[in-house]
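Q: Turn this into a structure:
(one chain, ligands or ions: 1)
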Amino acid sequence: MQGSFITLEGIEGAGKSTCMAEVLKLLREQGRDVLETREPGGTALGEDLRQLLLGHKHTGMHEDTELLLMFAARAEHLQQRILPALRQGQWVLCDRFTDASYAYQGGGRGMDVKRIQQLENWVQGELRPDLTLLLDLPVELGLERAGKRSAPDRFESEAQAFFQRVRKAYLEIAHREPERVKIIDASRPLKEVQAQLREVIGAFSGQGA
Ligand code: Z5A
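A: You can find the predicted model right below:
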């Protein structure tokens, strides 16, 4: 038996952490055995790479290095945790995945999308998420919400134009793959966002159960 692979995406301040908790709750209420994880990270090596990627020690890191480290962390994550869990019939709920590479490195940094596709095919083979929840909201609102939190990491220090490109890239993916990527209006009050999540997860579980 193969479990389902669900990912959550969104720009800065979209409310991913808040929504991860809600989706996890909904899936567990359905009796699913869920592995909750995140990228970059999810393994001991991946979490070390996360420190290098998000911290300010290597502020001038080359964009190729950044992309390769994202996929190095992803390769480890897939082989050590995601694939074994799916094979055992567990559902996997992952906070960000390869759409983030297309959005941040492709859209935000302007890297050649073909490079990302090559790495995606190499590292993942045919594996793609079964469902992706894209928490979408205007960049200004996202940055305002995020500004109320702790000190910004290396990505959070980017300019507003960077996040506009990231948002645009995410929306392009969603419009290209409407079956997989469901857009959640994250600008709404939390209760309304949770209701949207409930509807999408309910519809997906109805199909996938
Ligand atoms: N990255 C990459 O470049 N390439 C890749 O391939 C991958 C990642 C995988 C780490 O991500 C960075 O790595 C990320 C992209 C890059 N950089 N950025 N930016 P992360 O996911 O760990 O970092 P994050 O984006 O900061 O995620 P987060 O911690 O989940 O934050 P969030 O989306 O902003 O969520 P939040 O903390 O739940 O919400 C923010 C605030 O808004 C908080 O105070 C909430 O209480 C509030 N909130 C949430 N929802 C609402 C609603 N509906 N109304 C009002 N207020 C709300």
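Q: what does this protein have sitting close to the ligand?
A: 10, 12-18, 39-40, 54, 70, 95-96, 100-101, 104-105, 145-146, 148-149, 155-156, 186, 189-190, 193 (CB under 6 Å from any ligand atom). Where you see a C-beta, it was placed from the backbone N, CA and C, and this is true even at glycine.
Q: Now the buried members of those residues.
A: Burial by neighbour count, 16 or more other CB atoms under 10 Å: within the residues of the chain next to the ligand this picks out 10, 12-16, 39-40, 70, 95-96, 100-101, 104-105, 145-146, 155-156, 186, 193.
Q: Which ones among the residues of the chain next to the ligand lie within helices?
A: Under the assignment DSSP state H, those contribute Lys16, Ser17, Thr18, Leu54, Met70, Ala100, Arg145, Ala146, Leu190, Val193 to helices.
Q: Where is pLDDT lowest across these?
A: Across the set of these, Ala146 stands lowest in pLDDT, at 88.
Q: need the strands for this structure, in chain order.
A: Under the criterion DSSP state E, the chain contains strands at 5-10, 34-38, 91-95, 131-136, 181-185.
Q: Highest mean neighbour count out of those?
A: strand 5-10 (a mean of 25; mean count of other CB atoms under 10 Å).
Q: partner strands of that one, parallel or antiparallel?
A: Neighbouring strands of strand 5-10 in its sheet, by DSSP bridges, are strand 91-95 (parallel), strand 131-136 (parallel).
Q: just the CA coordinates of it, formatted as CSV?
A: Provided in CSV are the C-alpha atoms of strand 5-10 (Å, rounded to 0.1, in the frame of the first residue of the first chain):
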residue,chain,number,x,y,z
PHE,A,5,2.1,12.8,-0.2
ILE,A,6,0.8,16.3,0.7
THR,A,7,2.9,19.5,0.6
LEU,A,8,2.2,23.0,1.9
GLU,A,9,3.7,26.1,0.1
GLY,A,10,3.5,29.8,0.3
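Q: Any regions of this protein where pLDDT drops low?
A: 1, 149, 207-209 (pLDDT under 70).
Q: ok, back up a step: and which of the ones in helices among the residues of the chain next to the ligand is nearest to Val123?
A: For these, the residue nearest Val123 by CB to CB is Met70; the value is 9.8 Å.
Q: Quick check: that closest one vs Val193, distance?
A: Distance, Met70 to Val193, using CB to CB, to the nearest Å: 27 Å.
Q: Leu141: neighbour count?
A: If you count neighbours by other CB atoms under 10 Å, Leu141 ends up with 14.
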